[in-house]
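In: sequence plus the predicted model coming up.
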Amino acid sequence: QVQLVESGGGLVQAGGSLFLSCAANGSIFRLGTMGWYRQAPGNKRELVAQITSTGAESYGDSVKGRVTISVDKVHKTGWMQMDGLKPEDTAVYYCNAVLTPLGSENPNIYWGQGTQVTVSS
């Protein structure tokens, strides 16, 4: 069974940093685009950062310059370094990836279970 497992969330003071990890587990043939989304209470889920299979990175306007996404396609693991955190960054952060399971020809979109990030002022 293919799944995404996140780690690294927590409580941090404003101005601090966090490092989130996302591991794709299971029998996977190919990893495509991997990204991070977040959702705060009462808000829609929004893109934080994503990286394509060719290494093209994109970032949400609210985090540009403060967040860096990276991926190891061989080990099917991604990371997101977040610096200069602000209270408005408080949300549940979800890993998202396009994965093609082993034995399948069709890629599917997978989501992690989410990890809480709380930034205190």
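Out: Everything's here; your move.
In: all contacts plus neighbour counts: C-alpha atoms, from now on.
Out: OK.
In: what's the distance between residue 9 and residue 54?
Out: Plainly put, residue 9 is 27 Å away from residue 54 if you go by Cα to Cα, to the nearest Å.
In: of those two, who's got more company?
Out: Neighbours per residue (other Cα atoms under 10 Å) separate residue 9 from residue 54, with residue 9 holding more: 18 against 8.
In: got a list of what that one touches?
Out: 18-20, 115-117 (Cα atoms under 8 Å, 6 or more residues apart in numbering).
In: the same query, at a cut-off of 6 Å, please.
Out: Residues near residue 9 by Cα atoms under 6 Å, 6 or more residues apart in numbering: 115-117.
In: over to residue 65?
Out: Per Cα under 6 Å, 6+ apart, neighbours of residue 65: none.
In: part of a strand, is it?
Out: No. Secondary structure assignment (DSSP: H, G, I helix; E, B strand; the rest coil) places residue 65 in coil, not in a strand.
In: and the pLDDT at the residue most central in space within the chain?
Out: The residue lying closest to the centre of the chain (Cα atoms, centre = their mean) is residue 36, at 2.8 Å. Looking at residue 36, its pLDDT reads 98.
In: contacts made by the one helix or strand it maps to with the rest, please.
Out: Per DSSP states H and E, residue 36 falls inside strand 28-39. Strand 28-39 is contacted from outside by 45-53, 91-102, using Cα under 6 Å, 6+ apart.
In: from the residues you listed, which ones fall inside strands?
Out: 46-51, 91-101 (DSSP state E).
In: what residue of this structure is the furthest out?
Out: Farthest-from-centroid check, the chain (Cα atoms, centre = their mean): residue 103, 25.5 Å.
In: can you tell me how far it is from residue 30?
Out: Counting by Cα to Cα - residue 103 and residue 30 are separated by 11 Å.
In: again with residue 2
Out: 12 Å.
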